[in-house]
Structures are given as structure tokens and as C-alpha cells.
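K.L.:
prediction below, plus the sequence it came from.
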Amino acid sequence: MSQYKKDDFSIKYAAISSKEFKEDVTFYYGVKTTGIFCKPGCSSRLPKPQNVVFFNNTMNAVQSGFRPCKRCKPLTEPGNKYSGLITTICRIIEESEEEPTLKQLSNKTEYSETSIQKIFKKITGISPKEYASAIKAQRFKDELHKGSSVTSAIYSAGYGSSSRVYENVKNILAMSPSKYRDSGKGVELRVEVFPCILGFVLIAFTDMGVSTIELGDSEESLMSLFKLKFENGKIKGLTFEDKKMVEIILSKIENPDEIIDIPLDIHGTIFQKKVWNALRNIPFGETRTYSDIAIQIGKPKSVRAVANACGKNEIAILIPCHRVVRKNGELAGYKWGKERKVKLLDNEKNRKI
Ligand SMILES: [Zn+2]
């Protein structure tokens, strides 16, 4: 849609597609299928958009478990005299089964332990130890993906005990290992992205009903995030029946006063479901505050938790979290962009009259 500028993802993807090398690197990209990250301009094969993830700096890439590309050497500036050293250290860490000690790294590179620690940290932003644990976490993820049990993945990745995994990996996986392995497992999701007056809308169905409606600026970014979230699910295109419902949803986005009845497949805690249910009862064209909702669900003190639950809503429009505003009349944030919230509320107000 013309008023929506190309999103960040498309701009960056276009930049890496051009393979144009820039002196000033402002972002890096990881390739999910290989676990390697590069800087724009790398001569390696262009990955498919759905396999690309962008990072603002090398630290984020490394901490997410991506290894630096051997070709474009993203960890080092061209001509940096330590470039070879960093690459060697990374390689030693990647290839060792047990995490190498600083002393071992020192023996293999002929730099002192202190220098290694200092130089590595200065250039990559993290310590060799942190790099090692990121690599380990990545191995662990790979094992889970291959379908290994949590226990065997723990040992294959080189963790000594399970308690350490839960400590370290939880941050990286953002959920518990067994939950990660099962993310979307066995669930069949049918999904497609459509242009709409708010940019693009991703609509997903399960056999129970609409499970996701997300708004975004491009098909690629919506799809790649969705696939990342349900990487163990079976993702398919929409059926004829689904498409009929899509028509209704798209029309509802433009004509918010339409009353529609579409089954939703809602997943959340009991508290979240209560909040979402309250949101669904806010009449079209009206707004409520977070504390109104808190009172309504009988938890007048849980204003912040209500706001959190609104932020966790995965079904835009049909669970109208855009109708919740701050007490002082401010709009407050919106998961899918304030610009869209303004547009939705204006549209409702105009139609109310
Ligand atoms: Zn590269």
C-alpha cells in the first residue's frame, strides 16, 4: 500500500541481494539453514528471504548462535590485523567438543591469554567463553530440531548437566527446551498473507478456527516471523472454505461496523483469555482504558497485566486490542504499530456517525 513505506526487511533484503559491498556496515544477516552470518556484500549464495534473519551488530548474531562466514569474515574489518586471529579462535571453538580454555586457545594461537580475551572481546563484542556458549546453544537447538529428546540433545551439545542447559538455553530459546522442541509440533496451520488497507495481513487457520491475524508491512516479513514461531508445525496454504472467511475478515477490516461471526482458536492463560474476552465485548467505535478492563474482569489492580495481555494478543482486529487506550486519553502502544491503531480508531469513529 502506497502510504506504507517498504519495511526494514525488504530494504535490507534488497541490499543483500545487490551484493554491493559497503565500507560502512550497518547490519548483518544470518542464514537459518546454515547457521552462518554474513555482512552485506558477501559473495556467497543469496539465501531465500524466509531463511534470513537480520542483526544490528555482530554481537547479536553471535549470541543467537550464528557462526561468522569464512568468506566475508563479518567479525573483522577489512584489513584489521587481528582478522586472522579472530577467525582462528572462532574455528577452534566451533570444532572443539569441549569448550576450550583460554590457556588452550593461547597455546594454539601463540597469543597470551589476556591478549586473546581482550582482542576477541574488543572486536566481536563478546568473550571467547560467550562465543562458546552461543555455539553450544546452537548445537543444542539443532539437535532438538532433528527430533532428539531433550536429554540426548543436552549431551550431544556438550552440556555436562541438564540444570545448566535450563539456565543458559532458556534465554536463547526464549522458552523451555521441551516446549521449544514442540513448538507447533503436529499442529497443522493454514496460512496466507493478503494486502489490506493497513498494509499486509497474515491470516492463519487451524481446524478450530482463526488462530492468528498479524499486521505488517510485507508478505516476506510476516511469513518469516510466522514460520519461525511455528517451525515445527505443518504449514499449508488456505482451503476454499478458509478463503471465504478471509473475504469476510478483509471486509471487516475496511468496514469495522460489520458484525461477523468467525470461530477463533485462542491460546493463552486463563487471565489472558479473560482479558481478550473483555476486549471482544468493547462495542465498535468505543474505547476502554486498561483499568476499565482490569475492573471488568474483577482484577482492578492488574492494570499492567491487562496491558501485557493486550500485547500478547495474536488475533488483531477480531480481538480488538486497538480499542484500549490510556486513562489520560493517550493512545498507548499497539503491537502492530501506532499508525495502524490511529487508522483503525479513526475509521471506527467515522462510521459510528
Ligand atoms: Zn559471508
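P.N.:
Thanks, I have the structure now.
K.L.:
use CA for all of it now, contacts and neighbours both
P.N.:
OK.
K.L.:
domain-wise, how is the chain divided?
P.N.:
By the record's domain assignment, the chain is partitioned as 131-181, 188-254, 270-352 (automatic domain parsing).
K.L.:
how about the ones you listed, which one is nearest the ion?
P.N.:
In terms of Cα to the ion, the element of these nearest to the ion is domain 131-181, at 17.6 Å.
K.L.:
is stretch 17-35 positioned near the ion?
P.N.:
No - using Cα under 5 Å from the ion, stretch 17-35 stays clear of the ion, with a minimum separation of 8.9 Å.
K.L.:
quick one: end-to-end length of that stretch, please.
P.N.:
Taking Cα to Cα, to the nearest Å, stretch 17-35 runs 19 Å from one end to the other.
K.L.:
that one: which residues count as buried?
P.N.:
Residues of stretch 17-35 classed as buried by neighbour count (16 or more other Cα atoms under 10 Å): 17, 19, 28-32, 35.
K.L.:
ok, now stretch 54-65?
P.N.:
For stretch 54-65, burial by neighbour count (16+ other Cα under 10 Å) applies to 54-55, 57-65.
K.L.:
just name the lowest-scoring one in those, pLDDT-wise.
P.N.:
Lowest pLDDT among these: Gln63, with 70.
K.L.:
if we ignore the residues flanking it in sequence, what's nearest it?
P.N.:
Closest residue in space to Gln63, ignoring its immediate chain neighbours: Ala134 at 5.3 Å, by Cα to Cα, 6 or more residues apart in numbering.
K.L.:
secondary structure element holding that neighbour?
P.N.:
helix 128-145 (DSSP states H and E).
K.L.:
let me see the mean pLDDT of that helix.
P.N.:
79.
K.L.:
quick one on the thing from earlier: would you turn the buried residues of stretch 17-35 into a markdown table with distance to Lys229?
P.N.:
Formatted as a markdown table, those follow (distance: Cα to Cα, whole Å):
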| residue | distance to Lys229 |
| --- | --- |
| Ser17 | 25 |
| Lys19 | 29 |
| Tyr28 | 21 |
| Tyr29 | 19 |
| Gly30 | 17 |
| Val31 | 16 |
| Lys32 | 13 |
| Gly35 | 17 |
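K.L.:
check which helix or strand covers the residue nearest in space to the middle of the chain.
P.N.:
Closest to where the C-alpha atoms of the chain average out (Cα atoms, centre = their mean) is Leu225, at 5.4 Å. Leu225 is part of helix 219-229, with elements assigned from DSSP H and E.
K.L.:
next helix or strand past that helix?
P.N.:
Once the chain leaves helix 219-229, the next helix or strand it forms, by DSSP H and E, is strand 234-236.
K.L.:
for Lys252, grab the count of nearby residues.
P.N.:
Residues near Lys252, counting by other Cα atoms under 10 Å, number 16.
K.L.:
got it, and Lys243?
P.N.:
Using other Cα under 10 Å, Lys243 has 14 other residues around it.
K.L.:
same question, the one 5 residues further on
P.N.:
Residues near Ile248, counting by other Cα under 10 Å, number 16.
K.L.:
which one is it nearest to, not counting chain neighbours?
P.N.:
Ile260 (7.5 Å).
K.L.:
distance of the residue nearest to the centre of the chain from Lys136?
P.N.:
24 Å.
K.L.:
what about Asn328, which SS state?
P.N.:
Classification of Asn328 by DSSP: H, G, I helix; E, B strand; the rest coil places it in coil.
K.L.:
show the pLDDT at it.
P.N.:
Turning to Asn328, the model gives it a pLDDT of 82.
K.L.:
just Trp336 next, same as before
P.N.:
In this model, Trp336 carries a pLDDT of 89.
K.L.:
and for Lys5?
P.N.:
47.
K.L.:
Throw the buried residues of stretch 54-65 into CSV and include distance to the ion, thanks.
P.N.:
Below are the buried residues of stretch 54-65 laid out as CSV (distance: Cα to the ion, whole Å):
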residue, distance to the ion
Phe54, 13
Phe55, 14
Asn57, 14
Thr58, 12
Met59, 16
Asn60, 16
Ala61, 13
Val62, 14
Gln63, 17
Ser64, 17
Gly65, 15
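K.L.:
counting only strands, which of these make the cut?
P.N.:
Using DSSP state E, the members of the buried residues of stretch 54-65 that fall within strands are 54-55.
K.L.:
hmm, Arg71 is touching Cys42, no?
P.N.:
Yes - the pair Arg71 / Cys42 is scored as a contact, 7.1 Å apart, by Cα atoms under 8 Å.
K.L.:
okay, these two: which has more neighbours?
P.N.:
Taking neighbours as other Cα under 10 Å, Arg71 and Cys42 compare with Cys42 leading, 20 against 11.
K.L.:
can you pull the contacts of Leu318?
P.N.:
By Cα atoms under 8 Å, 6 or more residues apart in numbering, the residues touching Leu318 are Arg280.
K.L.:
follow-up on the earlier one: next, count neighbours for the residue nearest to Gln63.
P.N.:
Residues near Ala134, counting by other Cα under 10 Å: 23.
K.L.:
contacting residues for it?
P.N.:
Ala134 makes contact with 62-66, according to Cα under 8 Å, 6+ apart.
K.L.:
keep only those of those that are in helices.
P.N.:
The helices, defined by DSSP state H, take in 62-63 from the contacts of Ala134.
K.L.:
same list, the contacts of Ala134, but as CSV with distance to Val201 please.
P.N.:
Shown next, in CSV, are those (distance: Cα to Cα, whole Å):
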residue, distance to Val201
Val62, 32
Gln63, 31
Ser64, 28
Gly65, 30
Phe66, 30
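K.L.:
appreciated, that's everything.
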